[in-house]
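[1] take this sequence and fold it.
(chains A, B, C and D)
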Protein chains: 4
Amino acid sequence: MSAEELEQFLYSHFPDSAHRAFKVERVDDMFARVRLTFDKRHLRPGGTISGPSLMMLTDTTMYIALLAMIGPVALAVTTNLNINFLRKPEQADVIADCKLLKLGKRLAVGEVTMYSEGDPDAVAHATVTYSIPPDRSA
Amino acid sequence: MSAEELEQFLYSHFPDSAHRAFKVERVDDMFARVRLTFDKRHLRPGGTISGPSLMMLTDTTMYIALLAMIGPVALAVTTNLNINFLRKPEQADVIADCKLLKLGKRLAVGEVTMYSEGDPDAVAHATVTYSIPPDRSA
Amino acid sequence: MSAEELEQFLYSHFPDSAHRAFKVERVDDMFARVRLTFDKRHLRPGGTISGPSLMMLTDTTMYIALLAMIGPVALAVTTNLNINFLRKPEQADVIADCKLLKLGKRLAVGEVTMYSEGDPDAVAHATVTYSIPPDRSA
Amino acid sequence: MSAEELEQFLYSHFPDSAHRAFKVERVDDMFARVRLTFDKRHLRPGGTISGPSLMMLTDTTMYIALLAMIGPVALAVTTNLNINFLRKPEQADVIADCKLLKLGKRLAVGEVTMYSEGDPDAVAHATVTYSIPPDRSA
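    Numbers count the residues shown, from 1 in each chain, chains lettered A, B, ... in the order given. You can find the predicted model right below:
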């Protein structure tokens, strides 16, 4: 699936308005990049992008990386997510890079590194596990 | 701080509409209970409460448990959050119980167990670490 | 399986001398308690029981809790372990209590709380996920 | 500190025989590589290197990466370790690469990727947080 198809799939299955902030920038072998466009609704006190916004970005980027490899499996579910918040994000878009570390029959594991656009230091880093249903039809 | 004061503090500092779904039910020594009221906006495909909603609930409940102990420290920040999604939540309110495992000068660690109302099996379990700023004035 | 049978199974499958320090104290429905007997070999500088010893205790206690429920499945493997070190352990035995949060067909998740004997404050807390092989024969 | 000095520091502070299996291969800016030499004592049933051995390797590699940056601070302690076991290691040395994601005044966070020598697919991936004491003298 292409980046455009994946973004469309995301919005057709998750019509939540919050998801509209996510742009699928690139997919590649075992890799996806998703952008969280800056929006004052994602801020927490002090003008920082909120932790929950970064967690949603983590989960979405992993989901896109997985779908890009196995196709539109709407029923794949997150089983574990571990995130470290490293520094205060800038008031800018956040770019999330997901690298799949494992793509098994039953489990997929990826790591997601997030950056404020234009800053090389990561703002957050996460690992995510998805459980893949035995029957992969969407 | 009482449950009511904590809820007011939460809303005054996090005016995000999503937070309006959280009700501080009870605070006690090293403990807080927060309710996520059921709302179709928190659903993901299949009618389940979304992972990001449970992550936001985790973070909020830990924050309330911490504030109840150390007072209104707006600048305490999450440094690590690890969550296991255990089973599909019901279409019902979710109750989160946070137990503080450690309340140090610099770090606080808590565990959060989440239940669909009326069901004794946990839907998710998380551990959270907050960093407490050296100067605790809000 | 009884606590004695589980301890025997552990030693017959993991003949590593280090495991001799583990005593299966109690198994119950979705629960196991394992004792790490104090031994100078587990110390790190400052006289504290080492982190790796507590991680091995975590993994072993979860394994015992799982085997007590599903029988001797030597091939169940840890897929994720997350541990928070909360305070310096005493120079004493460490008691680990594992509560299974989920026992599914493919994944089991447990939480493990560890205490220095005679001290009510937890020294470490962990969550562990095991993958259960499709064919459960040992 | 050089790789040789770091290895010496490790052995003088952690005289546990198990540590003798660790070789500090390379340190660089915010980076360390440590080798776990293959030894039948690290095996678990099925001839695999045990989870606890990989957890000890994770912790050691992070510790070396940190010491290489801030000097011999024996009292830096692990506060959180999260590890995903990805595939069965080969009967070979394991190479661990630690990249520091954050080096703050109070907390350091790193990620550790582990490979069986000669195999490009990671066998395990971990993130580790260390708390750095206010007074950094060893």
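[2] which parts of chain A are helices?
    A:3-13, A:51-70 (DSSP state H).
[3] specify the angle between the first one and helix A:51-70 in degrees.
    Going by axes from the mean of the first three to the mean of the last three Cα atoms, to 10 degrees, helix A:3-13 is angled at 120 degrees with respect to helix A:51-70.
[4] for helix A:3-13, buried residues please.
    Buried residues in helix A:3-13, counting neighbours by 16 or more other Cβ atoms under 10 Å in any protein chain shown, are found at A:3, A:6-7, A:9-10, A:13. In this view, the C-beta of every residue, glycine as well, is placed from N, C-alpha and C.
[5] then the longest one?
    By neighbour count with 16+ other Cβ under 10 Å, helix A:51-70 contains the buried residues A:51-69.
[6] and chain B, which of these reach it?
    A:51-52, A:55-56, A:59 (Cβ under 8 Å from any Cβ of the partner chain).
[7] now distance to residue C:76 too, for these, in JSON lines please.
    Output for these, formatted as JSON lines (distance: Cβ to Cβ, whole Å):
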{"residue": "A:51", "distance to residue C:76": "33"}
{"residue": "A:52", "distance to residue C:76": "34"}
{"residue": "A:55", "distance to residue C:76": "29"}
{"residue": "A:56", "distance to residue C:76": "32"}
{"residue": "A:59", "distance to residue C:76": "27"}
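[8] lowest-confidence entry in those?
    Across these, the bottom pLDDT score, 85, is held by residue A:52.
[9] could you pull up the residues touching it?
    B:52, B:55-56, B:59 (Cβ atoms under 8 Å, 6 or more residues apart in numbering or on different chains).
[10] shaky segments in chain A?
    Residues of chain A meeting the criterion pLDDT under 70: A:13-20, A:40-47, A:74, A:135-138.
[11] hmm, try it at 80
    Applying pLDDT under 80 to chain A flags residues A:1, A:11-20, A:39-48, A:73-75, A:134-138.
[12] looking at it, which residue is nearest chain C?
    Shortest chain A-to-chain C distance, computed as Cβ to the nearest Cβ: residue-wise this is residue A:80, at 5.4 Å.
[13] pick out the residue closest to the middle of chain A.
    Per Cα atoms, centre = their mean, the C-alpha nearest to the average position across chain A is that of residue A:61, at 1.8 Å.
[14] how close does that residue sit to residue A:54?
    10 Å (Cβ to Cβ, to the nearest Å).
[15] ok, now residue A:26?
    19 Å.
[16] find the residue closest to the residue of chain A closest to chain C in space, skipping its chain neighbours.
    In space, and not counting its chain neighbours, residue A:80 is closest to residue A:129: 4.2 Å by Cβ to Cβ, 6 or more residues apart in numbering or on different chains.
[17] now that neighbour, which residues is it bridged with?
    Residue A:129 forms beta bridges with residue A:80, residue A:109, as assigned by DSSP bridges.
[18] is it true that it touches residue A:76?
    No. Counting by Cβ atoms under 8 Å, residue A:76 is not a contact partner of residue A:129; they are 10.7 Å apart.
[19] what residues are shared contacts of these two?
    Joint contacts of residue A:129 and residue A:76 (Cβ under 8 Å, 6+ apart) are residue A:108.
[20] these two: which is more packed in?
    residue A:129 (24 against 19; other Cβ atoms under 10 Å in any protein chain shown).
[21] residue contacts, that one?
    A:78-81, A:107-109, C:79-80, C:129, D:84.
[22] how about the strands in chain A?
    In chain A, the strands defined using DSSP state E lie at A:22-28, A:31-36, A:43-44, A:48-49, A:77-85, A:94-103, A:107-116, A:122-131.
[23] now the first one against helix A:51-70, angle please.
    Using the same axes, to 10 degrees, the direction of strand A:22-28 lies 40 degrees away from that of helix A:51-70.
[24] for strand A:22-28, packing partners?
    Packed against strand A:22-28 by the contact rule (3 or more Cβ pairs under 8 Å, 6 or more residues apart in numbering or on different chains; DSSP states H and E) you find helix A:3-13, strand A:31-36, helix A:51-70.
[25] now distance to residue D:114 too, for these, in CSV please.
    CSV is the format used below for the helices and strands packed on strand A:22-28 (distance: least, Cβ to Cβ, whole Å):
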stretch, distance to residue D:114
helix A:3-13, 30
strand A:31-36, 20
helix A:51-70, 21
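[26] just to revisit the earlier point, relative to residue A:38, which of the contacts of residue A:129 is nearest.
    Among these, residue A:81 lies closest to residue A:38 (Cβ to Cβ), at 22.8 Å.
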